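J.: Based on what follows, work out the 3D shape:
(2 chains)
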Amino acid sequence: MNLGARRMSTVGSDEEAFEDLFTAEYARVVGIANRVLADPHEAEDVAQEVFIDFHRLHSATAQYAPAWLHRAAAHASLNRLRGARRRQKREVAQALEEGERTLDPQKQLEVDEDRRKVRAALGRLAPKPAAALAMRASGLSYAEVAQALGVGIGQVGTLLRRAEAALLKEVTRGTSN
Amino acid sequence: MAHLTDGTLRRMVDDPDARVGDNAVHLAGCAECRGRFENISDDARSIATLLAVPDAHVDMPRAFDRVRSAPVASPALGLRLPVIGPGRRPIVLAFAAVLVGVALLVGVIARDYALNYTPNTVTTVPVTVADIQALSQLSNYGTLTWTRQPQFQAATSASDAEALAGMSAPVVSNLPSGISTNITYGAMTQAQAVFTFSADKARAAAAAQGNSLPTLPAGMDGATLTFTVGPAIGELFGELKQPAAGSDVSQLNLPQLVVVKSSAPSATSTQLTPKQIEDYVLAQPGITPELKAAVQAIGDPSTTLLIPIPVGYATSKDVTVQGVKGVALGDNTGVGSGVIWIKNGVVYLVAGSIKQDDAIAIANNLK
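T.: Have a look, this model is predicted:
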């Protein structure tokens, strides 16, 4: 984590700014992707791709840098979710490692099934509510979510409510049958 | 006071900043809103549980090394391309409208001496917001009138759209997974607009800004430019819904993928040679040196459709699509990308919330 030592070898303030940006935002960007994908390794892949794309195209001193990274992380990970059916299997395996083994096996199966459904449904949501939910669930503030999505802060609650209602509908629809 | 909206109640669940003022007073005194608030809180908690994951333990130095060692590509024409900051949605919308004007204008100034300009290939030219603002003042230099208004019509079938536009609809043969197969068609008839330069208007505009007008070439006053665009067919992939009355724009589902096919635009002029128009436009005070250099650097502009790329908003690269040169915009994050190319006098565009690789694959397989 000692990135400061690397400062000696970097040239130019933009490189330093990029390093500072990376230090400040990498874990948060991984956090957003991990919330969507429920796979820390894949989330790191997404986060690195996002930073590589950012570094290619933008100045790290740009004011919009964190917002760009957050939005790109949400969209890139949601795209992966949509594109990869294999994810569903991984989620269940992942959930078993989450320290919820105090639940009885039947209950655990239900929780796993709900998790699988909610992520499948997340991939089917309109991009904006899905991104809002992923960002907020990963700990971004309302103001940060608003900035990343280019909406007013008042709209974030609406997007979250829309996403949550749609996801719950999917989950309960399955269990009530 | 009216009842609180679901969005407001949702924000009050976990944003202390929202639990103040009139809304907080209303919630405390309104049994109906409290009931809804409880339901919304319960839903939020359930979803939080379902989305819960263990924290990812990141190896930051290793990750930084990987990111730093990735090859850095050069953006188009060697310029860096930043994003328009979030929270500036109205600007972006206005900007999109203005881009059309810019495309027409730079298209015209890029003509050669032939009277008819019909592009058969595409290339990009970087523009700044300042460039666009300068060019959006087109109305200060003359009058734009439609001699043939475009007609737009949404259609539910390709055959309806084809009937209106008089051209065959493009067919996407390899839709990426995750993209809806629900297609909404749109058709536009051919349209024609005439721009007539006015020396008086231009002089007044310059005077209003405290500048004197660059010397007008003889014949500039009253010179006309006639633009012809379309016909065109657009296909919008996605579950589009009409927004409910009073709802905000964010409630509208945007298309995931857009495919457009249009006859290449053409332009003709009277009284002036294109070279004179080009020189005059590039002499305007609002044109940046970068834009001027970029326009002048285009090798053979007579047959090239210039695509303005906002500096800092997107990057572009040349690609080969269906055997001809095209331009790919955007990147591989899936936030947005597109491909544009011209083949046999027809302009094609494939764009959406997809990866650039997917956009290129769709373009190559478009029928």
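J.: I would like the residues contacting the strand or helix carrying A:Ala134, please.
T.: Assigned by DSSP states H and E, A:Ala134 belongs to helix A:127-137. Defining contact as Cβ atoms under 8 Å, 6 or more residues apart in numbering or on different chains, one finds that helix A:127-137 is touched by A:32, A:35-36, A:70-71, A:74-75, A:77-78, A:122-123, A:125, A:142, A:144-145, A:148-149, A:151, A:156, A:159-160, A:162-164, A:166-167, B:47-48, B:51, B:250, B:254, B:256, B:353. Using the backbone N, CA and C atoms, a C-beta is placed for each residue, glycine as well.
J.: which stretches of chain A form helices?
T.: A:13-37, A:40-57, A:65-83, A:86-96, A:105-124, A:127-137, A:142-149, A:153-176 (DSSP state H).
J.: list the buried ones in the shortest one?
T.: Within helix A:142-149, the residues that count as buried by 16 or more other Cβ atoms under 10 Å in any protein chain shown are A:142, A:144-149.
J.: cool, the fifth one as well?
T.: Applying a neighbour-count criterion of 16+ other Cβ under 10 Å, the buried positions in helix A:105-124 are A:108, A:111-112, A:114-123.
J.: just those now: which is nearest B:Asp55?
T.: Set against B:Asp55, the nearest of the buried residues of helix A:105-124 by Cβ to Cβ is A:Arg115 (16.8 Å).
J.: My guess is that closest one contacts B:Leu50. True?
T.: Yes. Under the criterion of Cβ atoms under 8 Å, A:Arg115 is in contact with B:Leu50, at a separation of 5.6 Å.
J.: Please see if the one helix or strand B:Asp42 maps to touches chain A.
T.: Following DSSP H and E, the helix or strand that holds B:Asp42 is helix B:31-51. Yes. Contact of helix B:31-51 with chain A (Cβ under 8 Å from any Cβ of the partner chain) involves B:40, B:43-44, B:46-48, B:50-51.
J.: want to throw the helices of chain A into CSV with mean pLDDT?
T.: Converted to CSV, the helices of chain A look like this (pLDDT from 0 to 100):
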stretch, mean pLDDT
helix A:13-37, 92
helix A:40-57, 89
helix A:65-83, 89
helix A:86-96, 47
helix A:105-124, 80
helix A:127-137, 94
helix A:142-149, 92
helix A:153-176, 85
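J.: would TSV of those helices with distance to B:Val122 be doable?
T.: Converted to TSV, the helices of chain A look like this (distance: least, Cβ to Cβ, whole Å):
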stretch	distance to B:Val122
helix A:13-37	31
helix A:40-57	20
helix A:65-83	26
helix A:86-96	37
helix A:105-124	34
helix A:127-137	28
helix A:142-149	31
helix A:153-176	36
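J.: Show me the strands in chain B, by range?
T.: B:121-127, B:142-148, B:152-155, B:183-188, B:191-197, B:224-229, B:232-237, B:257-263, B:266-269, B:304-310, B:316-321, B:324-330, B:337-343, B:346-352 (DSSP state E).
J.: Just tell me which of these ends up closest to A:Arg28.
T.: With Cβ to Cβ as the measure, strand B:324-330 is the member of these nearest A:Arg28 (23.4 Å).
J.: So what are the sheet partners of the closest one and their directions?
T.: strand B:316-321 (antiparallel), strand B:337-343 (antiparallel) (DSSP bridges).
J.: most packed of the ones you listed?
T.: strand B:337-343 (a mean of 23; mean count of other Cβ atoms under 10 Å in any protein chain shown).
J.: what about the residue in the stretch 151-300 of chain B positioned nearest to chain A, how many neighbours?
T.: The minimum distance from the stretch 151-300 of chain B to chain A, using Cβ to the nearest Cβ, falls at B:Gly178 (3.1 Å). Per other Cβ atoms under 10 Å in any protein chain shown, the neighbour tally for B:Gly178 reads 19.
J.: which ones are touching it?
T.: B:Gly178 neighbours (Cβ under 8 Å, 6+ apart): A:79, A:82-83, A:123, B:256.
J.: please redo it, this time with the cut-off set to 7 Å
T.: A:79, A:82-83, A:123 (Cβ atoms under 7 Å, 6 or more residues apart in numbering or on different chains).
J.: Just among the residues you listed, which is most surrounded?
T.: A:Asn79 (24 neighbours).
J.: Quick check: the gap between it and B:Ser353.
T.: As judged by Cβ to Cβ, to the nearest Å, A:Asn79 and B:Ser353 stand 8 Å apart.
J.: Ok, A:Arg119 next?
T.: 19 Å.
J.: cool, B:Gly326 as well?
T.: Taking Cβ to Cβ, one finds B:Gly326 at 20 Å from B:Ser353.
J.: Between those two, which is the more surrounded one?
T.: B:Gly326 (25 against 22).
J.: pLDDT below threshold where in the stretch 1-150 of chain B?
T.: For the stretch 1-150 of chain B, the stretches with pLDDT under 70 are B:71-121, B:123-141.
J.: Mind exporting the C-alpha coordinates of stretch A:159-174 to CSV?
T.: Extracted in CSV, the C-alpha atoms of stretch A:159-174 (Å, rounded to 0.1, in the frame of the first residue of the first chain):
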residue,chain,number,x,y,z
LEU,A,159,-34.1,5.7,-8.5
LEU,A,160,-33.3,3.6,-5.4
ARG,A,161,-37.0,3.1,-4.6
ARG,A,162,-37.7,2.0,-8.1
ALA,A,163,-34.8,-0.4,-8.2
GLU,A,164,-35.6,-1.9,-4.8
ALA,A,165,-39.3,-2.3,-5.5
ALA,A,166,-38.5,-4.0,-8.9
LEU,A,167,-36.0,-6.4,-7.3
LEU,A,168,-38.3,-7.4,-4.4
LYS,A,169,-41.0,-8.1,-6.8
GLU,A,170,-38.8,-10.5,-8.7
VAL,A,171,-37.8,-12.2,-5.5
THR,A,172,-41.2,-12.5,-4.0
ARG,A,173,-42.8,-13.5,-7.3
GLY,A,174,-40.5,-16.5,-7.3
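J.: That stretch near chain B anywhere?
T.: Yes. Using Cβ under 7 Å from any Cβ of the partner chain, stretch A:159-174 reaches chain B at A:159-161, A:164-165, A:167-168.
J.: hmm, which of the contacts of helix A:127-137 are the buried ones?
T.: So, of the contacts of helix A:127-137, A:32, A:35-36, A:70-71, A:74-75, A:77-78, A:122-123, A:125, A:142, A:144-145, A:148-149, A:151, A:156, A:159-160, A:162-164, A:166-167, B:47, B:51, B:250, B:256, B:353 end up buried under the neighbour-count rule (16+ other Cβ under 10 Å).
J.: follow-up on the earlier one: need the strands paired with strand B:324-330 in a markdown table (columns: mean pLDDT and distance to B:Gly166).
T.: Supplementary listing: those in a markdown table, determined by pLDDT from 0 to 100; distance: least, Cβ to Cβ, whole Å:
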| stretch | mean pLDDT | distance to B:Gly166 |
| --- | --- | --- |
| strand B:316-321 | 85 | 24 |
| strand B:337-343 | 85 | 18 |
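J.: Quick one: closest of those strands to B:Thr143.
T.: Taking these one by one with Cβ to Cβ, strand B:337-343 is closest: 29.7 Å.
J.: before we move on, the earlier item: for A:Leu21, find the nearest of the strands paired with strand B:324-330.
T.: strand B:337-343 (23.1 Å).
J.: now the angle from that closest one to strand B:346-352?
T.: Interaxial angle, strand B:337-343 versus strand B:346-352 (axes from the mean of the first three to the mean of the last three Cα atoms, to 10 degrees): 170 degrees.
J.: And the helices in the stretch 1-150 of chain B?
T.: B:6-14, B:21-29, B:31-51, B:60-69, B:89-109, B:129-135 (DSSP state H, counting those that start in this stretch).
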